[in-house]
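**Student:** Take a look and give me a structure for this.
(chains A and B)
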There are 2 protein chains.
Amino acid sequence: MTRRITVLCGGVGAARFLRALLAVVDAGDICAVVNTGDDTVLHGLHIAPDLDTVTYTVGGAIDPERGWGLSNETWNAMDALGRYGSVRPSGSTAGGTWFGLGDRDLATHLYRTARLAEGATLTEVSGEIARAWGLGITLLPMSDDPAPTRVGVDPSIDPGPDGDGMIGFQEYFVRHRHGIETRSLDLGARRAQPTDAVITAITEAEVVLIAPSNPLVSIAPIRALPGVDAALAARRDTVAAISPLIGGAALKGPADRMMAEAGLRPDAIGVAEAYTSIARALVIDRVDAAAVDSIAAAGMEAVVTDTIMSTPEIAANLAAVTLRAARAAVG
Amino acid sequence: MTRRITVLCGGVGAARFLRALLAVVDAGDICAVVNTGDDTVLHGLHIAPDLDTVTYTVGGAIDPERGWGLSNETWNAMDALGRYGSVRPSGSTAGGTWFGLGDRDLATHLYRTARLAEGATLTEVSGEIARAWGLGITLLPMSDDPAPTRVGVDPSIDPGPDGDGMIGFQEYFVRHRHGIETRSLDLGARRAQPTDAVITAITEAEVVLIAPSNPLVSIAPIRALPGVDAALAARRDTVAAISPLIGGAALKGPADRMMAEAGLRPDAIGVAEAYTSIARALVIDRVDAAAVDSIAAAGMEAVVTDTIMSTPEIAANLAAVTLRAARAAVG
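**Tutor:** Here you go, the predicted model:
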């Protein structure tokens, strides 16, 4: 059975939007298709940051200040891991503590890793984890294949494993605190396959929403999976996106800088140019109201509302407005 | 450079004996060769219980009550893992919490797993972990190969993965709390290789001591490695063992029952019969003084002293007596 509303998701912004959407539609109507380009293996554990951020947020367990990880978390394993940093040989990355894994959060990675080792797909495991947290929505990783996003940076800052400055997304995002210039992106999703469930969710839903996530590293990996962009384009009239850029800046994360570094306009108009082939409507913030005509010129209908989900009411309004924008062509 | 004293080790009993030995000889003179037949992979992590018990004990960080794991430990990861037990599909063992992994202890397994994934040998990683804990002794896993000990039990109690009742050692020891009958033992060590360092430690040390560990599941795996038993037999005159059985009972663990189930005498005489081909002297407790003649009949010189390491003085005496027994033939 296909859920009525499919949402393409990155991490924090998407998770908050899903929570907002739950205020206006039944959980059973929602299917989240989540980026796994950020996934990584650390200490032998399979880490899926965006899936977990969505799960913990919708499950009501996210740490509200950090926006990732669990509330009331402890960090004893990470503290203890610090002991080993001084004994690893040069060249080894074992025992690194730059990627914070809370003690309770570790349980999720332990379970995921064990299930994958048993031969379960990431889709199966993600469904089990979602059920454990009481999520009523369907949670789909974009792919069951590894699809790592790599970021090209100045090799003199970080040569990466091959010496060419291509580093893992989490190395860029967490280790370097997304504070260094990006020169290129390599989307492993191009060499992966979407699951059948993802293709069905995109083709058969009543509407598809693109969450306010980073277009280049959260949404682009989903689009890069063979067949996904064409499936979205084919149903463009009932696809609506929310601009993650407000007044030319990202609320969180490096979307603005990354877009500029990629030669795109780092504002709502740039988002429209990125999404115009796959979505009819773009929901933008009131501060960007002057961009409506430019967005129309880029081929998208701009819908203006408050997009900073600072209260439950504003968030619910954003969800309702976005849904209406996607349904406008349905009539 | 070969250390002067090589000690064949299981877990708790051996770790306490090593600590006792450190009271009478320099740490730099000691090489511990540790059983890895108990090692297992849980949640994707490489767990080496005997190596860690020795490391934490000699490092002064062991929990003194439990005898395993770290003192001042927290269990938040395991508590959180419990959430997933209810969502795993039937047949899956993911998310199991029967093997307790403390939060700080997890760091050791995360580091070990990451280093092994980088291609390091278990010997290298164990040395790094020992250094991180400030151990002055040399710590050698018996092998760099997987060498799992499996226990044959009643398949109607636990069929094991293949349905024939052959289960992993930790499943027997921890999950079933060594409370079920053992019908057979399969030592994976027979199909593994000892490291060169282990063979050198056994052949070139001034003396070899066999710690008060379970003869069947702690010492037998080391002996089962191709070449080890012959190397011990070749230098039998300077090998001394300590009986882990006192008055026909093990201080800890199932050694007494396992020996009876294997058709061996579950007492110091049975230990002598098991070790007579590889060790000249057997240190036994005063309560077993009457067994001296039977042990001599089995071909070993019995040395009687207090063997329950209930105080540092008694422990140091046991270490000194055992060393003297091993050196007796050196003169």
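**Student:** how about the residues of the stretch 51-200 of chain A near chain B?
**Tutor:** A:70, A:74, A:76-81, A:83-84, A:86-89, A:92-95, A:103-108, A:110-111, A:113-118, A:120, A:124, A:128-129, A:131-133 (Cβ under 8 Å from any Cβ of the partner chain). Every residue, glycine included, has its C-beta placed from N, CA and C.
**Student:** Which elements pack onto the one helix or strand A:Met259 maps to?
**Tutor:** In this assignment (DSSP states H and E), A:Met259 forms part of helix A:255-261. Here helix A:255-261 touches strand A:245-246, going by 3 or more Cβ pairs under 8 Å, 6 or more residues apart in numbering or on different chains; DSSP states H and E.
**Student:** What strands line up against the strand it packs on, and which way round?
**Tutor:** Sheet pairing for strand A:245-246, assigned by DSSP bridges, gives strand A:249-250 (antiparallel).
**Student:** Flag every buried residue along stretch A:303-319.
**Tutor:** Using 16 or more other Cβ atoms under 10 Å in any protein chain shown as the test for burial, stretch A:303-319 gives A:Val303, A:Val304, A:Thr305, A:Asp306, A:Thr307, A:Met309, A:Ala315, A:Ala316, A:Asn317, A:Leu318, A:Ala319.
**Student:** could you dump the helix or strand harbouring the second one to PDB, C-alpha only?
**Tutor:** Taking DSSP H and E as the criterion, the element that holds A:Val304 is strand A:301-305. Extracted as PDB, the C-alpha positions of strand A:301-305 are listed here (Å, rounded to 0.1, in the frame of the first residue of the first chain):
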ATOM      1  CA  GLU A 301       5.600  28.800  -8.600                       C
ATOM      2  CA  ALA A 302       6.800  30.500  -5.400                       C
ATOM      3  CA  VAL A 303       4.500  30.200  -2.400                       C
ATOM      4  CA  VAL A 304       5.400  32.600   0.400                       C
ATOM      5  CA  THR A 305       4.900  31.800   4.100                       C
END
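**Student:** What is the subsequent helix or strand relative to it?
**Tutor:** Heading C-terminal from strand A:301-305, the first helix or strand you meet, by DSSP H and E, is helix A:312-327.
**Student:** what does that following helix contact?
**Tutor:** Identification of contacts with helix A:312-327 by Cβ atoms under 8 Å, 6 or more residues apart in numbering or on different chains yields A:5, A:16-17, A:19-21, A:23-25, A:206-209, A:238-240, A:242, A:280-281, A:283, A:301, A:303, A:305-309.
**Student:** now swap in stretch A:66-80 and tell me
**Tutor:** With contact meaning Cβ under 8 Å, 6+ apart, stretch A:66-80 is reached by A:11-12, A:49, A:52-53, A:56, A:61-64, A:97, A:100-106, A:252, B:70, B:74, B:76-77, B:80, B:103-108, B:110.
**Student:** Do me a favour and get the end-to-end distance for that stretch?
**Tutor:** 22 Å (Cα to Cα, to the nearest Å).
**Student:** any idea how far A:Asp186 is from A:Pro146?
**Tutor:** 13 Å (Cβ to Cβ, to the nearest Å).
**Student:** who touches both of the two?
**Tutor:** Contact criterion Cβ under 8 Å, 6+ apart; residues shared by A:Asp186 and A:Pro146: none found.
**Student:** Strands along the stretch 151-300 of chain A, start to end?
**Tutor:** For the stretch 151-300 of chain A, applying DSSP state E, counting those that start in this stretch gives strands covering A:166-168, A:184-187, A:207-210, A:239-242, A:245-246, A:249-250, A:281-285.
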